[in-house]
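# have a look at this fold, sequence not included:
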């Protein structure tokens, strides 16, 4: 499961793997200490596996110092914060452990 996930650890990773990615990318902003994040993570991985490569799943740990600028922009209202990007543009987002919204976002990503 983890091998198919894009791990965003630097600003360069963010630009190349999310903003410049030709595929839609669902980005999960999380922290290891966050209970709802731990509950949502396997759901997102399952949806990603079901997509058969039609979109990418990227994870951003909000505790990584180099990513504070990105995290503060996208996860400033709480975590887990999940965003859908396509061709560098934000398409949609949701906050919290919401399986219905995750499924809706995955469906949207599949159609882009």
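Sure, I can see it. Just so you know, these numbers come straight off a predicted model, no measurement behind them. Numbering: from 1, shown residues only.
# could you use CA atoms for every contact and neighbour count after this?
Will do.
# quickly list what residue 60 is bridged to.
Residues in a beta bridge with residue 60, per DSSP bridges, are residue 8, residue 29.
# which pLDDT value goes with it?
The model reports residue 60 with a pLDDT of 95.
# the residue of the chain most remote from its centre and residue 112, how far apart?
Going by C-alpha atoms, centre = their mean, the residue of the chain most distant from its centre is residue 65, 17.9 Å out. For residue 65, the distance to residue 112 (C-alpha to C-alpha, to the nearest Å) stands at 32 Å.
# now the residue nearest the centre of the chain: which helix or strand?
Nearest to the mean C-alpha position of the chain, counting by C-alpha atoms, centre = their mean, stands residue 27 at 1.3 Å. Take DSSP states H and E as the rule and residue 27 turns out to sit in strand 25-30.
# just the mean pLDDT for that strand, thanks.
The model assigns strand 25-30 a mean pLDDT of 97.
# tell me the helix or strand right after that strand.
In N-to-C order, the element after strand 25-30 by DSSP H and E is helix 35-50.
# many thanks, we can stop here.
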